[in-house]
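>>> Quick check, what structure comes out for this input:
(one chain, ligands or ions: 2)
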Amino acid sequence: MILLGIESSCDESAAAVIDGQLVRASVVSTQLIHTRWGGVVPELASREHLRVVPAVVRQALAEAGLGVAELEGVAATRGPGLPGSLLVGFHFAKSLAYARRLPFLGVNHMEGHIYANFVGEEEPALPALVLVISGGHTQLVEMSGPRRFRIVGQTLDDAAGEAFDKVAKLLGLGWPGGPAISRVAEGGDPAFLDYPRALAGRAGLDFSFSGLKTAVLHSLRAQSGEWRQAHLADICASFEQAVCDQLARRTLRAARELGSRQLVLAGGVAANQRLRAQLEAACAGTGLALALPPLAWCTDNAVMIARAAHGRLLRGERSPLDLDATPRFDLEQASRGAEESDPA
Ligand code: KG4
Ligand code: ZN
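Ligands and ions are numbered 1, 2, ... in the order given. Predicted coordinates for the structure are as follows:
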């Protein structure tokens, strides 16, 4: 089935064409307009999507060597995300589906991130425990079947990606913060500063990252500008290690408590090399298989949206064309059976 996927939930305008398990084209246009503000400005984001979404769709079709007439379905991110941004891609996709009489499906963005692991592959072996880590989400999700999700733990405050972004801003490293911090951290000593591992030793499967940001701030306050410059790599490595330790420890605890055999990593922070290596080491020899998404599909893209829609469209599932984009839309609301009742 030849599918067009569209993603516009935040600051990436993306379009992709897949043909069955084959990726024919993937175009991601990252909005650079936000860099000077150090974060995404929603109003600017939706205006950029209006300008760019038609162009990325045209480019994806051109790269795939296909015309609109050859498409057999359209999928777009329905939520969660910024309301104005979501509306642009979602309604563009619905209009195209209406005009060309194509099957249409709205896809949960986080489900898309999970399916980034299975691009070019069969549906995942389930059940699986999924660690979803992005700019807006940090959740442990039990996936018991296709579109059967139960959230078993989540952040009590900041998301993991948000922590990277805020600390990078604090350190003057620019935005987005995750890749910037990782680059600087490469030459640093992860044990140089002992930042707190929040909730360590506490029961439950939740996360917390806001204290870590404050700890970084305090560690800088006590020192001179020269010290800070001299130890920038060490500060970044120590911060990154504290995030990775918390993510890895809580996730492995969840796997033990739930008796999981399969762990799946998903979302933009899954691109973090230290975390990938740490989870690989932690899972080795434990009987817990680990799926890591290819780096190309970790951060927002439209291949993952098309991939998540593919099996469902083949099974005959359709979204009605009067379905609306849904800015607040968690994975439990996206579970099979719940999707047609619009979450508030
Ligand atoms: O999934 P994503 O592209 O967008 C959302 O759905 O939020 O994730 C973006 C987040 C940002 O917070 C960014 O700083 C973080 O993922 N990120 C990383 C890395 N690459 C992106 N965090 C840590 N290490 C990375 N290599
Ligand atoms: Zn995302």
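>>> Could you tell me how far the strand or helix carrying residue 251 lies from the centre of the chain?
Remark: residue 251 resides in helix 232-258, with elements defined by DSSP states H and E. On the basis of Cα atoms, centre = their mean, to the nearest Å, helix 232-258 sits 18 Å off its chain's mean C-alpha point.
>>> Could you do stretch 41-48 as well?
Using Cα atoms, centre = their mean, the mean C-alpha position of stretch 41-48 is found 19 Å from that of the whole chain.
>>> and if you look at stretch 323-332?
The chain centre lies 15 Å from the centre of stretch 323-332; the measure is Cα atoms, centre = their mean.
>>> heads up, I number from 784, so please use that
Done: numbering now begins at 784, and the last item shifts to stretch 1106-1115.
>>> Could you check that stretch and say which residues are buried?
Buried positions in stretch 1106-1115, judged by neighbour count with 16 or more other Cβ atoms under 10 Å: 1106, 1108-1110, 1112-1114. Every C-beta, even on glycine, is put in place using the N, C-alpha and C of the backbone.
>>> before we move on, what about stretch 858-878?
Those would be 858-865, 867-877, for stretch 858-878 by 16+ other Cβ under 10 Å.
>>> In helices only, show me the residues you listed.
Among those, the members falling in helices (DSSP state H) are 867-877.
>>> Packing partners of the helix holding residue 1034?
Other elements packing on helix 1015-1041 under the criterion 3 or more Cβ pairs under 8 Å, 6 or more residues apart in numbering; DSSP states H and E are strand 911-916, strand 921-928, strand 931-937, helix 943-953, helix 960-968, helix 993-1004, helix 1056-1066.
>>> quick one: it to helix 960-968, angle?
Interaxial angle, helix 1015-1041 versus helix 960-968 (axes from the mean of the first three to the mean of the last three Cα atoms, to 10 degrees): 120 degrees.
>>> List the buried residues of helix 1015-1041.
Those buried within helix 1015-1041 under the rule 16+ other Cβ under 10 Å are 1015-1035, 1037-1038.
>>> quick one, that helix and strand 911-916 angle?
150 degrees.
>>> the inter-axis angle of helix 1015-1041 versus helix 1056-1066?
Interaxial angle of helix 1015-1041 relative to helix 1056-1066 (the same axes, to 10 degrees): 40 degrees.
>>> next helix or strand past helix 1015-1041?
strand 1045-1049.
>>> helices or strands next to that following strand in the packing?
Using 3+ Cβ pairs under 8 Å, 6+ apart, strand 1045-1049 sits against helix 892-898, strand 911-916, helix 1056-1066, strand 1072-1074.
>>> touching ligand 1 at all, the second one?
So the one you mean is strand 911-916. No - using Cβ under 6 Å from any ligand atom, strand 911-916 stays clear of ligand 1, coming no nearer than 7.5 Å.
>>> So what's the gap between that strand and the chain middle?
Using Cα atoms, centre = their mean, the offset of strand 911-916 from its chain centre is 11 Å.
>>> Partner strands of that strand, with direction?
Sheet pairing for strand 911-916, assigned by DSSP bridges, gives strand 921-928 (antiparallel), strand 1045-1049 (parallel).
>>> Fine, thanks again, bye for now.
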